[in-house]
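> Pasting the sequence and the predicted coordinates here, then a few questions.
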Amino acid sequence: AALTVRFLTRRFIGEYGDMEFIYSHTLSVDGREVLFHIWDVPSSQDQVDAGSSEEKRIQWADCFILVYSICDRASFNLLPLKVQFIRAAKEGQGQVPIIIVGNKRDLQHQRAVSSEEGRLLALSLDCGFYEVSAAE
């Protein structure tokens, strides 16, 4: 959620509950106005809603940004299954863009997942990769 709010408002807010939100935002991309609808789902919500709700979210979306914390190996370890689930649900709909984002780059002293591990996983899953800091 912090990353989404940072993208939409350029402000950082550190604490969020485990609620999902849908945000709408218009942005100029290459001189064209593009309307984004962002369905922000905490990973804890995914675990609660596993199954039909998650499938509904996947069918709704045109692309996916999967965010893990570089300080939390468990969040990183979930990525292959999430990518596999998305691709299975979107089978027959062409190549679906998926980007893996390592968040909390500002917390190097707490790092549990290296940048190289993130890059290699994204490469092996045929996904884009970035490391960012919502706080910075």
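Perfect, I can see it now.
> Return the residues in contact with the nearest residue to Q110 once chain neighbours are set aside.
Closest residue in space to Q110, ignoring its immediate chain neighbours: C71 at 4.2 Å, by CB to CB, 6 or more residues apart in numbering. Using the backbone N, CA and C atoms, a C-beta is placed for each residue, glycine as well. Remark: with contacts taken as CB atoms under 8 Å, 6 or more residues apart in numbering, C71 is in contact with K104, L107, Q110, R111, A112, V113.
> how does it look with 6 Å?
The contact partners of C71, by CB atoms under 6 Å, 6 or more residues apart in numbering, come to K104, L107, Q110, A112.
> Narrow the residues you listed to just the buried residues.
K104 (16 or more other CB atoms under 10 Å).
> Let me know the secondary structure of the residue nearest to the spatial centre of the chain.
Centroid check for the chain by CA atoms, centre = their mean gives L66 as the closest residue, at 2.5 Å. Three-state call for L66 (DSSP: H, G, I helix; E, B strand; the rest coil): strand.
> how near is it to F76?
For L66, the distance to F76 equals 10 Å [CB to CB, to the nearest Å].
> next one: Y130
Relative to F76, and taking CB to CB, Y130 is found at 14 Å.
> which strands and helices sit next to the helix or strand in which E116 is found?
Secondary structure assigned from DSSP states H and E places E116 in helix 115-124. With contacts taken as 3 or more CB pairs under 6 Å, 6 or more residues apart in numbering; DSSP states H and E, helix 115-124 sits against strand 128-131.
> so what's the residue lying farthest from the centre of the chain scoring on pLDDT?
Most distant residue from the mean C-alpha position of the chain: G31, 25.6 Å away (CA atoms, centre = their mean). Note on G31: pLDDT of 92.
> Over to Y68?
91.
> Quick check: it touching F76?
Yes. Counting by CB atoms under 6 Å, F76 is a contact partner of Y68 at 4.5 Å.
> Who has more neighbours out of the two?
Y68 (24 against 20; other CB atoms under 10 Å).
> Quick check: chain neighbours aside, which residue is closest to the more buried one?
S75 (4.0 Å).
> R87 too?
Using CB to CB, 6+ apart, the nearest residue to R87 is V96, at 6.8 Å.
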